[in-house]
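A.B. asks: model this:
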Amino acid sequence: MPDTPASDIERLDADLLALGEQTAAEARAFLSVVREVAGGAVPDSAVPVLSLALSQVLVTGTRLGVINDVVPQDRFETDLGSDEDVESLRLELTALFQGIDEYVDVIDPLTTGEVTSSRVSDDLADVCAALLHGLRHHADGRLTEALWWWQFSYLATWGARAASALRVMQSILGHIRLDADEDTVAEAQFDALHR
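C.D. replies: Residues are numbered from 1 along each chain as shown. All right, here's what the predicted structure looks like:
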């Protein structure tokens, strides 16, 4: 764990400290998987691997979303300087998902039926950017601020983006597994029945 200011440790109970460490570990794991997939490490299993990573990071986000609001001691966010650039990651993901990147998304299922166009590569890059921002606070020992940022950004943006991307991954998997040629399916059924 990074050196944490005494005031931050005093303000966080054991459960929040554990949640902060767990969230940091899950954020690092998600970022590692997305970078590997975007870099072409698992071209034949990119969709299943990303589906698992998105599911896991959404579990982490949901933990943050259901607890009481984490409020940093200072009422302003410490300036971290510029955020880590995720544009090269976004471009690699765009190339990976060429032809299946863009999808239709409902803006807010509770307040409007309005749809918009979104891209899986943008969703994944935006989730990475939000997680990286929180990791920077965590690395500087500002655990409350890291938790606040992850919680706020999960509820405001990255939770919905990750959920939308996971829905697209599930749709892609469904099409890959279920959209078989009718003749091929009929032959397989015939062979299975006559063995």
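A.B. asks: burial of Leu193, as a residue count?
C.D. replies: Neighbourhood size, Leu193 [other C-beta atoms under 10 Å]: 7. To be clear about C-beta, it is placed using only N, CA and C from the backbone, and glycine gets the same treatment.
A.B. asks: Would you quantify the distance from it to Asp183?
C.D. replies: To Asp183, Leu193 is 16 Å away according to C-beta to C-beta, to the nearest Å.
A.B. asks: Provide the contact partners of whichever helix in the chain runs longest at residue level.
C.D. replies: Secondary structure of the chain per DSSP state H: the longest helix is helix 14-38. Under the contact criterion C-beta atoms under 8 Å, 6 or more residues apart in numbering, helix 14-38 has outside partners 1, 9, 12, 42, 46, 49-50, 53-54, 56-57, 60, 63-64, 67, 70, 89, 92-93, 96, 124, 127-128, 131-132, 134-135, 138, 143-144, 146-147, 150.
A.B. asks: Doesn't Ala163 lie inside a helix?
C.D. replies: Yes: read with DSSP: H, G, I helix; E, B strand; the rest coil, Ala163 is one of the residues of a helix.
A.B. asks: Touching, it and Leu58? I think so.
C.D. replies: Yes: counting by C-beta atoms under 8 Å, Ala163 touches Leu58, with 6.3 Å between them.
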